[in-house]
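Visitor: Please work out how this folds:
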Amino acid sequence: MHLDKLPEIIDPRRTDEINYSARESWRMLGIMAEFVEATERLASIRPAVSIFGSARTPPDHAYYMQTEVIARKLSDSGFSVVSGGGPGIMEAANKGAYFGKSPSVGLNIQLPHEQTANLYQDISQTFQHFFARKVMFVKFAAAYVVMPGGFGTLDELFESLTLVQTGKIASIPIILVGSPFWSGLVDWLKATVIEEGMISPEDIGLIRILDRPEDVVDAIFSHYEKRGFMPSAAEREIQLSL
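Guide: As a prediction, this is how the structure comes out:
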């Protein structure tokens, strides 16, 4: 070996690159383990309903109390309730289900701020990666109930709409609760997004806006009136390529 090659071999920038590559490989294994562990722990929760909403909603807010009632009704009707496991609307969803007849499931995420696990979880699973967590919201849900929320809630809403629209998951109820909060968004989708040809007019039919907790439960049962809540063999196959 020529001595003039030595600086290239011991160049710290190259060493950092090798170390980063090794860490990235181990990260892939960690992601796989996260999926496997979560799937095994959540396999028994069907039928389930995922409830999304703001982490910033205080317990004395009308949205919080409404979420708690919806979750309790769903739980007493036989649905596990899945939330993000944190404060605000997530806590309300877990709390309502916790005191109901069916499991309360919290899919927690490790964040540098804002997310703290709530106390109302029969099953608690913590994720490091948002995308792994979001797959679990989708994988076991027979319906989505979307309460008022911010960027995270909108992200979960539009991702679920995209998955149903593109056939990557089965068509399931996507229910927005609170017409004063959501009507402006839906009006914009109709007046601008559909008019500009960005989505088809029938795509707006994937969304329902409801206000009463009992109507939310009734809408989910109505959707499944002619079929069972468990996914068919074909739908299971679709989920494998989610």
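Visitor: for the most centrally placed residue in the chain, what are its contacts?
Guide: Central residue of the chain (Cα atoms, centre = their mean): F137, 3.7 Å from the mean position. In this structure, F137 makes contact with 50, 52, 82, 107, 156, judged by Cβ atoms under 8 Å, 6 or more residues apart in numbering. Where C-beta positions appear, they are placed from N, C-alpha and C, glycine not excepted.
Visitor: ranking the residues you listed by neighbours, who comes first?
Guide: Ranked by neighbour count (other Cβ atoms under 10 Å), the contacts of F137 have V82 at the top, with 30 neighbours.
Visitor: Are we agreed that that residue is in a helix?
Guide: No: counting by DSSP: H, G, I helix; E, B strand; the rest coil, V82 is not part of a helix but strand.
Visitor: Quick check: bridge partners of it?
Guide: For V82, the beta-bridge partners under DSSP bridges are S50, V105.
Visitor: how about T126, phi and psi?
Guide: Listed backbone geometry of T126 is phi -110, psi 140, with angles given as degrees, to the nearest 10.
Visitor: Give me the longest helix you can find in this structure.
Guide: Longest among the helix segments of the chain by residue count, using DSSP state H, is helix 12-42.
Visitor: Remind me what it packs against, helices and strands.
Guide: Contact analysis of helix 12-42 by 3 or more Cβ pairs under 8 Å, 6 or more residues apart in numbering; DSSP states H and E lists strand 123-127, helix 130-139 as its packing neighbours.
Visitor: the inter-axis angle of the first one versus helix 12-42?
Guide: It refers to strand 123-127. Using axes from the mean of the first three to the mean of the last three Cα atoms, to 10 degrees, the interaxial angle of strand 123-127 with respect to helix 12-42 works out to 160 degrees.
Visitor: ok, residues contacting strand 123-127?
Guide: Counting contacts by Cβ under 8 Å, 6+ apart, the residues outside strand 123-127 that touch it are 34, 37-38, 41-42, 45, 85, 103-110, 117, 133, 136.
Visitor: Distance from the chain centre to that strand, please.
Guide: Mean-position distance between strand 123-127 and its chain equals 13 Å (Cα atoms, centre = their mean, to the nearest Å).
Visitor: now it and helix 130-139, what's the angle there?
Guide: Using the same axes, to 10 degrees: strand 123-127 against helix 130-139 is 150 degrees.
Visitor: Note down every partner strand of strand 123-127 and its orientation.
Guide: Each strand pairing with strand 123-127, determined using DSSP bridges, is listed with its direction: strand 104-109 (parallel).
Visitor: before we move on, what SS does L176 have?
Guide: L176 - assigned by three-state DSSP - is strand.
Visitor: Setting aside sequence neighbours, what's the nearest residue to it?
Guide: Closest residue to L176 apart from its sequence neighbours, by Cβ to Cβ, 6 or more residues apart in numbering: W182 at 4.2 Å.
Visitor: now do A92
Guide: What sits nearest to A92 in space, not counting adjacent residues and going by Cβ to Cβ, 6+ apart, is T67, at 3.8 Å.
Visitor: which residues sit in contact with that neighbour?
Guide: When contacts are counted by Cβ under 8 Å, 6+ apart, T67 touches 51, 53, 89, 92-93, 96, 147, 177.
Visitor: Go again with 7 Å.
Guide: In this structure, T67 makes contact with 51, 53, 89, 92-93, 96, 147, judged by Cβ atoms under 7 Å, 6 or more residues apart in numbering.
Visitor: Please apply the same query to I51.
Guide: Taking Cβ under 7 Å, 6+ apart as the criterion, I51 is in contact with 67, 71, 81, 83, 93, 145, 147.
Visitor: Reformat those as a markdown table; add distance to M198 and secondary structure.
Guide: Conversion of these to a markdown table gives the following (distance: Cβ to Cβ, whole Å; DSSP: H, G, I helix; E, B strand; the rest coil):
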| residue | distance to M198 | secondary structure |
| --- | --- | --- |
| T67 | 31 | helix |
| A71 | 34 | helix |
| V81 | 33 | strand |
| S83 | 30 | strand |
| A93 | 31 | helix |
| V145 | 25 | strand |
| M147 | 26 | coil |
